[in-house]
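Asker: Predicted model, plus sequence, below.
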Amino acid sequence: MSVDPGETSGWVITEDYKLITFGQVKDWQGLDEILFKYNPHIVVYEAFNLYAGQATKQIGQSFITVQVIGIIRYLCQVNDIPCYYQGANCKLFYSDKKLTEMGFNVVGSHKDTHWVDALRHVFYYLKFGGKVK
(Lines give C-alpha, C1' and ligand atoms only; values in the text may rest on other atoms or scores of the structure.)
Protein backbone atom coordinates (compact mmCIF):
# COMPACT_ATOMS: atom_id res chain seq x y z
CA MET A 1 0.00 0.00 0.00
CA SER A 2 1.16 3.52 -0.68
CA VAL A 3 -0.25 6.82 0.56
CA ASP A 4 0.22 10.38 -0.62
CA PRO A 5 -0.82 12.11 2.64
CA GLY A 6 -2.44 15.52 2.86
CA GLU A 7 -5.75 17.32 3.08
CA THR A 8 -6.73 14.86 0.38
CA SER A 9 -4.83 11.60 0.81
CA GLY A 10 -4.42 9.41 -2.24
CA TRP A 11 -3.81 5.71 -1.77
CA VAL A 12 -3.13 2.64 -3.87
CA ILE A 13 -3.02 -1.07 -3.26
CA THR A 14 -0.67 -2.95 -5.56
CA GLU A 15 0.66 -6.42 -5.99
CA ASP A 16 4.10 -5.87 -7.42
CA TYR A 17 3.47 -3.61 -10.43
CA LYS A 18 -0.20 -4.55 -10.74
CA LEU A 19 -2.68 -1.95 -9.52
CA ILE A 20 -5.35 -3.66 -7.43
CA THR A 21 -7.37 -0.64 -6.33
CA PHE A 22 -6.96 3.06 -5.56
CA GLY A 23 -8.78 6.07 -4.19
CA GLN A 24 -8.67 9.26 -2.21
CA VAL A 25 -9.93 10.19 1.23
CA LYS A 26 -10.38 13.46 3.07
CA ASP A 27 -7.49 13.87 5.48
CA TRP A 28 -7.03 10.41 6.98
CA GLN A 29 -10.67 9.40 7.36
CA GLY A 30 -11.08 5.93 5.93
CA LEU A 31 -7.39 4.99 5.79
CA ASP A 32 -7.90 2.71 8.78
CA GLU A 33 -10.72 0.88 6.99
CA ILE A 34 -8.61 0.50 3.85
CA LEU A 35 -5.69 -0.81 5.90
CA PHE A 36 -7.89 -3.36 7.67
CA LYS A 37 -9.63 -4.44 4.46
CA TYR A 38 -6.48 -5.04 2.40
CA ASN A 39 -3.99 -5.89 5.18
CA PRO A 40 -0.91 -4.80 3.21
CA HIS A 41 2.55 -6.26 3.78
CA ILE A 42 4.08 -2.77 3.85
CA VAL A 43 2.98 0.84 3.65
CA VAL A 44 4.98 3.48 1.81
CA TYR A 45 4.15 7.16 2.27
CA GLU A 46 5.47 10.49 1.11
CA ALA A 47 7.43 12.30 3.80
CA PHE A 48 6.82 15.92 4.75
CA ASN A 49 9.81 18.20 5.04
CA LEU A 50 9.61 21.85 5.97
CA TYR A 51 12.26 23.74 4.03
CA ALA A 52 13.61 27.11 5.13
CA GLY A 53 12.33 28.84 2.01
CA GLN A 54 8.79 27.71 2.79
CA ALA A 55 8.85 28.08 6.56
CA THR A 56 7.53 31.63 6.83
CA LYS A 57 4.68 30.79 4.44
CA GLN A 58 3.65 28.01 6.81
CA ILE A 59 3.25 30.16 9.93
CA GLY A 60 -0.10 29.44 11.52
CA GLN A 61 -0.67 26.21 9.60
CA SER A 62 -2.01 23.11 11.32
CA PHE A 63 0.15 20.81 9.16
CA ILE A 64 -2.59 18.36 8.18
CA THR A 65 -0.05 16.34 6.17
CA VAL A 66 2.07 15.78 9.28
CA GLN A 67 -1.01 14.74 11.24
CA VAL A 68 -2.00 12.24 8.55
CA ILE A 69 1.54 10.81 8.55
CA GLY A 70 1.31 10.36 12.31
CA ILE A 71 -1.94 8.44 11.92
CA ILE A 72 -0.45 6.25 9.18
CA ARG A 73 2.57 5.46 11.36
CA TYR A 74 0.34 4.72 14.36
CA LEU A 75 -1.96 2.42 12.38
CA CYS A 76 1.04 0.57 10.99
CA GLN A 77 2.66 0.23 14.39
CA VAL A 78 -0.39 -1.19 16.17
CA ASN A 79 -1.01 -3.59 13.27
CA ASP A 80 2.63 -4.70 12.92
CA ILE A 81 2.90 -3.41 9.36
CA PRO A 82 6.30 -2.03 8.36
CA CYS A 83 6.04 1.48 6.99
CA TYR A 84 8.57 3.47 5.02
CA TYR A 85 8.74 7.07 3.97
CA GLN A 86 10.20 8.55 0.82
CA GLY A 87 10.94 12.11 -0.17
CA ALA A 88 8.68 13.88 -2.61
CA ASN A 89 11.45 13.76 -5.20
CA CYS A 90 11.15 9.96 -5.47
CA LYS A 91 7.87 10.21 -7.33
CA LEU A 92 9.54 12.17 -10.15
CA PHE A 93 11.19 8.98 -11.46
CA TYR A 94 7.80 7.68 -12.64
CA SER A 95 6.76 10.53 -14.93
CA ASP A 96 3.36 10.74 -16.61
CA LYS A 97 5.04 9.48 -19.79
CA LYS A 98 6.59 6.47 -18.05
CA LEU A 99 3.32 5.53 -16.29
CA THR A 100 1.40 5.89 -19.55
CA GLU A 101 3.92 3.60 -21.28
CA MET A 102 3.33 1.11 -18.47
CA GLY A 103 -0.40 1.16 -19.30
CA PHE A 104 -1.72 3.49 -16.60
CA ASN A 105 -4.14 6.27 -17.45
CA VAL A 106 -2.60 9.27 -15.69
CA VAL A 107 -3.67 11.99 -18.10
CA GLY A 108 -6.87 13.96 -18.33
CA SER A 109 -9.06 13.63 -15.26
CA HIS A 110 -6.52 11.44 -13.45
CA LYS A 111 -3.49 13.68 -14.00
CA ASP A 112 -3.65 15.68 -10.77
CA THR A 113 -5.18 13.12 -8.45
CA HIS A 114 -3.31 12.14 -5.32
CA TRP A 115 -3.60 8.41 -5.90
CA VAL A 116 -1.32 8.81 -8.94
CA ASP A 117 1.41 10.20 -6.68
CA ALA A 118 0.87 7.25 -4.32
CA LEU A 119 1.29 4.96 -7.35
CA ARG A 120 4.55 6.71 -8.24
CA HIS A 121 5.82 6.14 -4.69
CA VAL A 122 5.00 2.45 -4.52
CA PHE A 123 6.60 1.81 -7.92
CA TYR A 124 9.72 3.69 -6.83
CA TYR A 125 9.86 1.59 -3.68
CA LEU A 126 9.46 -1.61 -5.69
CA LYS A 127 12.15 -0.66 -8.20
CA PHE A 128 14.75 0.60 -5.77
CA GLY A 129 13.92 -1.45 -2.67
CA GLY A 130 13.21 1.64 -0.62
CA LYS A 131 16.62 3.12 -1.29
CA VAL A 132 16.65 6.75 -2.37
CA LYS A 133 18.66 7.25 -5.57
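Answerer: Received, thanks. Residues are numbered from 1 along each chain as shown.
Asker: and the closest residue to Ile72 other than its chain neighbours, what does it touch?
Answerer: Leaving out its chain neighbours, the residue that sits closest to Ile72 by Cβ to Cβ, 6 or more residues apart in numbering is Tyr45, at 5.4 Å. Where you see a C-beta, it was placed from the backbone N, CA and C, and this is true even at glycine. By Cβ atoms under 8 Å, 6 or more residues apart in numbering, the contact set of Tyr45 is 2-5, 69, 72, 83-86, 121.
Asker: Out of these, which is nearest to Lys97?
Answerer: Nearest to Lys97 out of those is His121 (Cβ to Cβ; 17.4 Å).
Asker: quick one: the closest one and Glu46 touch, right?
Answerer: Yes - the pair His121 and Glu46 passes the contact test of Cβ atoms under 8 Å, sitting 5.8 Å apart.
Asker: Which helix or strand contains Ser9?
Answerer: strand 8-15 (DSSP states H and E).
Asker: That strand - what's its average pLDDT?
Answerer: Per-region confidence: strand 8-15 scores 94 on mean pLDDT.
Asker: Give me the next element, helix or strand, following it.
Answerer: Strand 8-15 is succeeded, C-terminally, by strand 18-26 (DSSP H and E).
Asker: Sheet-wise, list the partners of that next one with their directions.
Answerer: strand 8-15 (antiparallel) (DSSP bridges).
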